[in-house]
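Colleague: for reference, the sequence and a predicted model appear below.
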Amino acid sequence: MNWLDLPLVRQVRGVVQLPGSKSISNRILLLAALAEGATLIRGLLASDDTQQMLAALERLGVNIAPVDQEGLRVEGCKGVFPVKEAELFLGNAGTAFRPLTAVLALMQGHYHLSGVPRMHERPIGDLVDALRQVNAAISYLGQEGFPPLEVHPATIRPADISIKGDISSQFLSGLLMALPLTGEAMAITVNGNLISKPYVELTMAQMARFGVRVEHTAWQHFVLPAGQVYRSPGEIMIEGDASSASYFLAAGAIAGGPVRVVGVGKNSSQGDIRFVEALEAMGARIEMGEDWIEASAPPPRATGKALHAIDFDCNHIPDAAMTLATTALFAEGTTTLRNIASWRVKETDRIAAMSNELRKLGAQVESGEDFLRVTPPDGPLTSHVDIDTYDDHRMAMCFSLVSLGVPVRINDPACVAKTFPDYFEKFSKIVHQHAAQA
Ligand SMILES: O=C(O)C1=C[C@@H](OP(=O)(O)O)[C@@H](O)[C@H](O)C1
Ligand SMILES: C=C(OP(=O)(O)O)C(=O)O
């Protein structure tokens, strides 16, 4: 096991250029691959999750070539992947696994989809059930309802589909991106509650960039009109990742600031931009421009803690919500994060992992199926704690914030590669005062 020791940081300040959005990158790669015409993509995230999508598309016969320093040219295959038999390994990338399952189910081929052991514990049954309603032939190779999967050729028949949306929104997103390939009109009804709604909005917004529209009423009925085709818009610029922004903005709110992130701003299409509302509710000062956001701490309170606790429904920001859990260590009072049951089926059981590690620092933690409650210790956080990261990039990034209070050791820091390979380098650039210099 390797680790990274983060010394005590007394102040953060600076400007961070964000990496591209993971959620937009993997959607755009897939849609560009399925479109008519070539797409020049700029600003793509370079990380494990996008690498999984890129490698899978190349295996499926899609031509992808670098352009200039940072551009990528994807040759669209007009809705039909050239390769009809493939084994795809997709790591732990939900944004690759779920949408590719939906698309490949319509391709009349033989495909085998697998991932890392944790991916085989992450549910996919609700998506498979929905795809079976249009006669897709998918079988489970391990446990019923979970990857790995085998997709077989099948004659797809239009149907009114119902899908559950209370475990992951990626099932509905995958279905929405795939179904236009049939050319048929299709209606989807979401059965019960839909979580993580902004990600479905993001899906529809990316589809619209390729000329395909989805009609929907409330969050229950979605209609794909017949005869729509993905057409490349030519060139696409991907904005910075709003979830990745959360760590730097929280740092600015906790330890002085200002910290400015560049790459997302007030017109962002990503739901995690609304993390700033939670930070503001905790007392942080936020300013936003077209493509930047800046956070700084409020004046110190009598208690010594800059921020105050919140009670917040986090369903619309499941990823950035994790950052609130560690920000709560620097807030006066008890912070409650609600409606986060999906944390249990992500990179790890994030409610359990977060509870374990926060307790090591001296916080009082209460948790349930779908909530987490954090009360920081009265005195300082416990210093020099070893934080386990559970192969979860967000655990590593969230707990880097502990160094704004006490020195901390982050185990397996390289797990950040899933979405942000150079996270710790960027974090070190906003650090202005180590304990040794204080
Ligand atoms: O569609 C997407 O890009 C994502 C949706 C969310 O998942 P759930 O819908 O499972 O909450 C989010 O946690 C994930 O990181 C990315
Ligand atoms: C849940 C996440 O990833 P995935 O896209 O694999 O679901 C995440 O990045 O926090």
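Modeller: Looks like it came in fine. Ligands and ions are numbered 1, 2, ... in the order given.
Colleague: the residue of the stretch 1-150 of the chain found nearest ligand 1 sits in which helix or strand?
Modeller: Using CB to the nearest ligand atom, the point where the stretch 1-150 of the chain gets nearest to ligand 1 is Ser23, with a distance of 3.2 Å. Using the backbone N, CA and C atoms, a C-beta is placed for each residue, glycine as well. With elements taken from DSSP states H and E, the one containing Ser23 is helix 22-34.
Colleague: which secondary structure elements does that helix contact?
Modeller: Packing partners of helix 22-34 (3 or more CB pairs under 8 Å, 6 or more residues apart in numbering; DSSP states H and E): strand 38-42, helix 48-59, strand 71-75, helix 94-104, helix 170-178, helix 197-209.
Colleague: residues touching the residue of the stretch 1-150 of the chain closest to ligand 1, list them.
Modeller: For Ser23, the contact set (CB atoms under 8 Å, 6 or more residues apart in numbering) comprises Thr95, Tyr199, Leu202, Asp241, Gln270.
Colleague: the stretch 201-350 of the chain against ligand 2: which residues are in contact?
Modeller: Contacts of the stretch 201-350 of the chain with ligand 2, taken as CB under 6 Å from any ligand atom, map to Asp319, Lys346, Glu347.
Colleague: from the residues you listed, list the buried ones, please.
Modeller: Listed as buried from these are Asp319, Lys346, Glu347; burial here means 16 or more other CB atoms under 10 Å.
Colleague: going by distance to ligand 1, which of those residues wins?
Modeller: Minimum distance to ligand 1 across those is 4.8 Å, recorded for Asp319 (CB to the nearest ligand atom).
Colleague: neighbours around the nearest residue to the closest one once chain neighbours are set aside, how many?
Modeller: Of all residues not flanking Asp319 in the chain, Ser243 sits nearest, at 4.2 Å (CB to CB, 6 or more residues apart in numbering). One way to gauge burial is a neighbour count; for Ser243, by other CB atoms under 10 Å, it gives 28.
Colleague: what sits against Ser243?
Modeller: The neighbourhood of Ser243, defined by CB under 8 Å, 6+ apart, consists of Lys22, Gln270, Asp272, Phe275, Asp319, Ala320, Arg394, Thr419.
Colleague: just want the angle from the host helix or strand of it to helix 22-34.
Modeller: When secondary structure is defined by DSSP H and E, Ser243 falls within helix 242-254. In terms of direction (axes from the mean of the first three to the mean of the last three CA atoms, to 10 degrees), helix 242-254 departs from helix 22-34 by 160 degrees.
Colleague: need the next SSE after helix 242-254, C-terminal direction.
Modeller: Next along the chain from helix 242-254, counting by DSSP H and E, comes strand 256-262.
Colleague: nearest to ligand 2 within the stretch 101-250 of the chain, name that residue for me.
Modeller: Closest approach between the stretch 101-250 of the chain and ligand 2, counting by CB to the nearest ligand atom: Gln170, at 6.3 Å.
Colleague: skipping adjacent residues, who's closest to that residue in space?
Modeller: When the adjacent residues along the chain are set aside, Gln170 lies closest to Arg98, with 4.0 Å between them (CB to CB, 6+ apart).
Colleague: the lowest-mean-pLDDT helix or strand in the chain pairs with which strands, parallel or anti?
Modeller: Of the helices and strands making up the chain, the lowest-confidence element is strand 215-217, at a mean of 93, by mean pLDDT, DSSP states H and E. Strand 215-217 has the following sheet partners, assigned by DSSP bridges: strand 221-224 (antiparallel).
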